[in-house]
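Engineer: Quick one: sequence and predicted model below, then my questions.
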Amino acid sequence: MRAALNPLLWVGVLFAALLLAMPHAQGVFHWAFPAVEPPVYARTSFVALFLSHATIVAVASLAAIATGIAAAIFVTRPAGHDFRAIADALATIGQTFPPAAVLALAVPALGFGARPTVVALFLYGLLPILQNAIAGIETVPGSVRDAAAGMGMTAWQILARIELPLAAPVILAGVRVSVTIGIGTATIGSTVGALTLGTPILDGLAANKVPFVLQGAVLVALFAVVTDMAFARLEQWLRPPGAAR
């Protein structure tokens with residue numbers, strides 16, 4: 001367990017250290033890019049950018065998780081079988097529709113800022129959660145359901161105590177993909193006024209300041225890596241003993 005946690009711990013510490021130390025690294029960036037002034041992005045603190053970025057991703061991901069799992073439960077019940085193709089089609093459309101286009105369409109209705117970004121991330125992150133939730137529920141053996149029903153469990157008890165716990169590792173794998181993609185995709189929210197770690201990247205591109213781009217890109221990448229590693233660890237913890245790893 002210690003060996004499994006060490007990489008996550010070290011990358012997490014590195015991310016936190018860079019997040020806090022970036023404003024104090026002016027000397028390093030000034031040495032590397034002497035023509036750029038100021039050498040470190042300073043309009044908003046990196047901690048504030050990270051917190052805003054994380055909040056946007058969390059809100060969109062929670063909405064996608066709730067919607068995706070609820071839809072998966074519905075279409076795997078006898079009453080919802082006929083809606084399976086429709087749910088898959090709608091989720092696929094949300095995945096293939098470019099987030100930038102969603103932002104452009106959402107801004108007139110929702111205004112600038114975080115709200116259109118949340119909508120774009122929600123649509124973009126729904127498909128992997130829905131697909132994995134359906135796959136996880138459908139892979140629960142019928143004999144297990146029959147045994148639970150024979151013990152007198154209701155349909156909702158079977159769902160809550162049998163199907164969802166057994167499907168949890170597969171569902172979590174979809175959540176992992178969705179959230180990790182969302183962390184990277186959220187950077188484009190800065191184009192419509194959302195505060196994210198993409199803000200320094202956007203400002204750096206606009207002002208031809210390479211250090212700003214590097215600062216934002218490194219932090220976004222480490223944020224995504226730390227999150228992915230944390231989900232991987234949680235998947236291992238949820239996987240039944242003896243299951244293939």
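Structural biologist: Here it is on my side, so go on.

Engineer: When you work out contacts or count neighbours from here on, use the C-alpha atoms and nothing else.
Structural biologist: OK.

Engineer: could you say what helices and strands the helix or strand containing Leu121 packs with?
Structural biologist: Element membership of Leu121, judged by DSSP states H and E, is helix 114-138. In terms of contacts (3 or more CA pairs under 8 Å, 6 or more residues apart in numbering; DSSP states H and E), helix 114-138 is packed against helix 46-75, helix 84-96, helix 99-110, helix 164-185.

Engineer: Next secondary structure after that helix?
Structural biologist: The helix or strand immediately downstream of helix 114-138 is helix 142-150, counting by DSSP H and E.

Engineer: Other residues contacting the lowest-mean-pLDDT helix or strand in the chain?
Structural biologist: Counting by mean pLDDT, DSSP states H and E, the chain has its least confident helix or strand at helix 84-96, which shows a mean of 76. Outside helix 84-96, the residues that touch it by CA atoms under 8 Å, 6 or more residues apart in numbering are Ala71, Val75, Thr76, Leu123, Tyr124, Gly125, Leu126, Leu127, Leu130, Gln131.

Engineer: export stretch 48-68 as CSV, just CAs?
Structural biologist: Output of stretch 48-68 as CSV, limited to C-alpha atoms (Å, rounded to 0.1, in the frame of the first residue of the first chain):
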residue,chain,number,x,y,z
ALA,A,48,-7.2,31.3,-6.7
LEU,A,49,-7.0,30.1,-10.3
PHE,A,50,-6.7,26.4,-9.2
LEU,A,51,-9.6,26.7,-6.7
SER,A,52,-11.8,28.2,-9.4
HIS,A,53,-10.7,25.6,-12.0
ALA,A,54,-11.3,22.7,-9.5
THR,A,55,-14.7,24.1,-8.6
ILE,A,56,-15.8,24.3,-12.2
VAL,A,57,-14.7,20.8,-12.9
ALA,A,58,-16.3,19.5,-9.7
VAL,A,59,-19.7,21.0,-10.4
ALA,A,60,-19.7,19.8,-14.0
SER,A,61,-18.5,16.4,-13.0
LEU,A,62,-21.0,15.9,-10.2
ALA,A,63,-23.8,16.9,-12.6
ALA,A,64,-22.5,14.4,-15.2
ILE,A,65,-22.1,11.7,-12.6
ALA,A,66,-25.6,12.1,-11.3
THR,A,67,-27.2,12.3,-14.7
GLY,A,68,-25.1,9.5,-16.2
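
Engineer: which ones are touching the residue nearest to the spatial centre of the chain?
Structural biologist: When CA atoms, centre = their mean is applied to the chain, the residue found nearest the centroid is Val179 (1.1 Å). Val179 makes contacts with Val57, Ser61, Gly125, as judged by CA under 8 Å, 6+ apart.

Engineer: Format these as TSV; extra columns: pLDDT.
Structural biologist: Below are these laid out as TSV (pLDDT from 0 to 100):
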residue	pLDDT
Val57	96
Ser61	96
Gly125	87
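
Engineer: For the residue located most distally from the centre of the chain, give its distance to Trp10.
Structural biologist: Largest separation from the mean C-alpha position in the chain: Gly150, at 39.1 Å (CA atoms, centre = their mean). Distance of Gly150 to Trp10, computed by CA to CA, to the nearest Å: 49 Å.

Engineer: swap in Leu159?
Structural biologist: Taken as CA to CA, the span from Leu159 to Trp10 is 38 Å.

Engineer: quick one, which of the two is more surrounded?
Structural biologist: Leu159 (16 against 12; other CA atoms under 10 Å).

Engineer: Model confidence for that one, exactly?
Structural biologist: For Leu159, the pLDDT comes out at 89.

Engineer: what's near enough to touch it?
Structural biologist: Counting by CA under 8 Å, 6+ apart, Leu159 touches no other residue.

Engineer: what sits against Ala155?
Structural biologist: Applying CA under 8 Å, 6+ apart, the residues near Ala155 are Ala149.
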